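>>> predicted model, plus sequence, below.
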Amino acid sequence: MRRDLGRSWAMMVAALWLTACGSSTAPDDGAGGPPGETRCAHFDTQRQPFFGDLHVHTKYSLDANTQGTIIGPHEAYRFALGERLGIQPYSESGEALRFTQLARPLDFAAVTDHGELFGETEICTNPDLPGYNSLECRFYRAAPAQAFLVFNLLGPGLPSVGGLPIPRLPFCGLTGERCLDAAKTPWRDIQQAAAAYNDSSRDCRFTTFVGYEYTAAPVSNNLHRNVIFTSEVVPEIPPAYQEFPAVEQLWQALSEQCRTDDGCNYLTIPHNSNLSGGLMFQTRDALGLPYTAELAQKRQENEPLIEIYQHKGDSECLNTVGAGMQDELCGFEKLPYRNFTGSQVSPAASGPPLERDFVRSALKEGLRLEQELGVNPFKFGFVGSSDTHLGTPGNVAEVDYPGHGGAGGGARDEVPVGLPDLIENSPGGLAVLWAEENTRESLFAAMKRREAYATSGTRPVVRFFGGADLPADLCGSRRFAADGYAHGVPMGADLPAVPTGAKPRFAVSALRDPGLGADVAEPLQRIQIVKGWIADGEPQEQVFEVAGDPNNGASVDLSTCATSGNGFASLCAVWEDPEFDPAQPAFYYARVLENPSCRWSTRQCLAAGIDCSNPDAVPEAFAGCCDAAYPKTIQERAWTSPIWYQPGR
Amino acid sequence: MPALHFVVLGALLHGVVALWPGAMVGAVHVDAADLQRLQREWRAETGRAPTSLELRASLRRYLDDEILLAEALRLGFDASDAVARARLLQNVAFAFPDDEGDDEARLEQARTLGMPASDLVVRRRLIQLMEHRLAGDLPIDDAELRRYVTANAARYAPATRLSFRQVYFSRDARGAEAARAQAQAVLPVLRAGLDGTDDHDAATLGEPFLHGSATAQQTPDALARRYGPSFARALADAVPGQWIGPLETAYGWHLVRVDAREAAGEPDFAAVRARAAYAWRAEQEHRALQERLQPLRRRYGVASVDDVLIGLDAS
């Protein structure tokens, strides 16, 4: 048995080594990958888009405003799978009276409850508390760095554990005795739910990730990160803000407690930089010292992605100050404040949002810092997610947005009593990953190499390649992806060397969201390429129209929410940067826009028959309907991860 | 009202209950204001008033939460649980910054003020701890588990998988009607001459498509999400080896030849057993909790929602 364990261990390490090697940008040609029988049936060497949600709160986020609707991690994953979920309260005979269901299932999801509320660390560090002398805590204190979980060793062929009828998760220890004593805890339940719904069959229908949210919010300024683990091997206790109050301390703790050699890997995804009060992209460490190359490198390695859009607004760009800023499309789902004080006290108490808290500004600052330090700390690819506090991943449609008040649909035919959320909030977005197959390894590798894009909640398909050698006729080719990979790099990567005198070329191709059932979607309107660069030490930016038609006449009838006008089922462009200067570092990302449609609030105001021409008759709970500061329509969109150009590379 | 809570909770905490079981009756307090609040919350969540059945369910839920909270306090979880304890100490330190008492005195202060019930985080934490204690680690029944796997075949059984080639006629490039007409015209060409002979040439009869002209082993569900439900249904019903269409999608028209169909299978119980066990147990916990709450409901004098409602009417 010991030898068997050793062998599976070696295989696991080998598999992880292969995963690590998968961070190159070229897709697997099928020759060097894992053997055929371990692959998903749908394995595609040219990769395929998988849609998911990496930011999901359930009942274990005790601060969540969940009213009576309390969905745990198991139910959250079942919801993401598309199952019809009975929700609280239950009748006296225990039957659910209300149900909720996602119109379109997701391909993957991660439950990310607040690690600070799991409360497991103190049990082990406070001698006054019962449990301090438990096996679990003795193990934790004796070897915190080794306090990882070794699930794979307990996989198929595991020894029978004390006659227990099911395999125990690894935190039970190799003989399982620790589980016999240990109480169920949120962190364990979260891991069990991830194990329960991760489809390890050849169908690969759904992937889960074990994760949690590191909830750092000094003085109401949001520095939150979602920590995502690549496998079942995760730290015994998630490193939380109480013990590790600076993000570099979090990375240090994770690097000690989640080691590649043990089969553990992680990344951290910051979100809501728009609410960070100027802190998310500050370039000083916990002691107030300026970033070093080492810290910049750490940030780049640990944070390959940023959540650019979610429930609490858009963090792409603010468009207030700076060279070349003429991007009216930055005025998208903006919160009018700079930290949580804005939503919890008043916008005035917070102050307006800050340009430096937005991702585009950080990307430019990253280029500048790379000139200074030799390393770019802000090399972010993009994802969107929901940040649902109802345990309902992927519930991001504008239609029938339940707000923070309830997930419980049910009868919608009666007059609603008010807007279900603050007028400035949104249903949130989705994360899309280009991966060979829907497995943890393949998706995680896509996240690490930033072959990812964000959407505002709809599901357009977008490919983006860069390279001076890309064929100019790629849009008419049947080998868009194959030639994109062969002659260039995909979204998230570094541009290959640009020959002297040549200009970098970019190819972007998009399919509209086809919609499904209640999830209606609009056709595409246009594609833009956003360029940011540094000229003589100054950050610059420009937005180029590359496909479609910004004046296609698409419009929305605000009295019915009916849409009209032509759009595109697909768009494609090959574009050369006309102003390319080989001496200037730059990034390029694509933004794909759909035709406009009614915002969630407009739909609900309409359903309630609110008439803003008679302000006295508008109920207080619907006052947001008549707030001219917020748009009536939304132009759903996708943002691809950037491709970077570095002089002399 | 907090004073009354204090007396009741204090009695629970100090073990008076054991000496004087009659004290349990009415230990979980509910009044007309609670009932109105439940109705208000329902309206806020769903946009409508609860039906009688729904209101009774809400009340059952509220009473159960109160029981779990009272039991958690009886067992001293507010002092022993890390999250509850830290939160209560923080609350007291915030409310009485000049107070120099030790932690135990502060916790006592928190109890006196009813904080474990009024602080939402502590309240939820204590209720969850009691739920886990009552129904947290159920034994697995293999026969039950097999039935569960069979009943949830969509999760555990191999899905139908389709491999196909397509020729795509773009609505944008040709216009909807012309795209359909062209597809109609090409269909007999494919059926007559190109069947299985030169797939690349077949694709060149239409436009390039971002998802490619050949797709391997996708489930009908995945195809419905990419192309729409009618496309997925048509492929699931298609005879392998034969070109069919034109099929309409949001993108235009498609001629499709299914090359291989792997039929859905039976669940491999051994392979899915561990996954299913976690899921099954999570679902059983709800039922187990209901069962194990039953004696507690009696002990706290709120076994019947009807009786509680009658009591409210009477007062």
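Looks like it arrived, so ask away. Bear in mind that the values here come from a model prediction, so they are computed numbers and not experimental data.

>>> output stretch A:514-523 in PDB with nothing but the alpha carbons.
Output in PDB follows, covering the C-alpha atoms of stretch A:514-523 (Å, rounded to 0.1, in the frame of the first residue of the first chain):
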ATOM      1  CA  PRO A 514     -27.000  33.400 -28.800                       C
ATOM      2  CA  GLY A 515     -29.200  33.600 -25.700                       C
ATOM      3  CA  LEU A 516     -31.100  30.700 -24.300                       C
ATOM      4  CA  GLY A 517     -34.700  30.700 -22.900                       C
ATOM      5  CA  ALA A 518     -35.100  33.500 -20.500                       C
ATOM      6  CA  ASP A 519     -31.600  34.700 -21.100                       C
ATOM      7  CA  VAL A 520     -32.100  37.000 -24.000                       C
ATOM      8  CA  ALA A 521     -29.200  38.700 -25.600                       C
ATOM      9  CA  GLU A 522     -28.600  41.500 -28.200                       C
ATOM     10  CA  PRO A 523     -26.500  41.200 -31.300                       C
END
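
>>> wait, is A:Arg591 part of a helix?
No: looking at A:Arg591 with DSSP: H, G, I helix; E, B strand; the rest coil, it is strand, so not inside a helix.

>>> so it touches A:Leu524, yeah?
No: the pair A:Arg591 and A:Leu524 fails to qualify as a contact (CB atoms under 8 Å) at a distance of 11.5 Å. (C-beta placed from N, C-alpha, C; glycine too.)

>>> higher neighbour count, the two?
For A:Arg591 versus A:Leu524, neighbours defined as other CB atoms under 10 Å in any protein chain shown are more numerous around A:Leu524 (29 against 23).

>>> is the more buried one bridged to anything, and to what?
A:Leu524 forms beta bridges with A:Phe568, A:Glu594, as assigned by DSSP bridges.

>>> residues in contact with it?
A:460, A:510, A:512, A:548, A:567-571, A:592-595 (CB atoms under 8 Å, 6 or more residues apart in numbering or on different chains).

>>> check contacts around the closest residue to B:Leu129 other than its chain neighbours.
Leaving out its chain neighbours, the residue that sits closest to B:Leu129 by CB to CB, 6 or more residues apart in numbering or on different chains is B:Phe77, at 5.3 Å. Remark: with contacts taken as CB under 8 Å, 6+ apart, B:Phe77 is in contact with B:84, B:126, B:129-130.

>>> who are the packing partners of the helix or strand where B:Val121 lies?
Taking DSSP states H and E as the definition, B:Val121 sits inside helix B:120-135. Packed against helix B:120-135 by the contact rule (3 or more CB pairs under 8 Å, 6 or more residues apart in numbering or on different chains; DSSP states H and E) you find helix B:52-74, helix B:77-80, helix B:82-95, helix B:115-118, helix B:269-299.

>>> helix or strand with the lowest mean pLDDT in chain B?
helix B:16-19 (a mean of 37; mean pLDDT, DSSP states H and E).

>>> quick one: average confidence on the following helix or strand past it?
Of the helices and strands lying after helix B:16-19 in sequence (DSSP H and E), the nearest is helix B:32-46. For helix B:32-46, mean pLDDT is 84.
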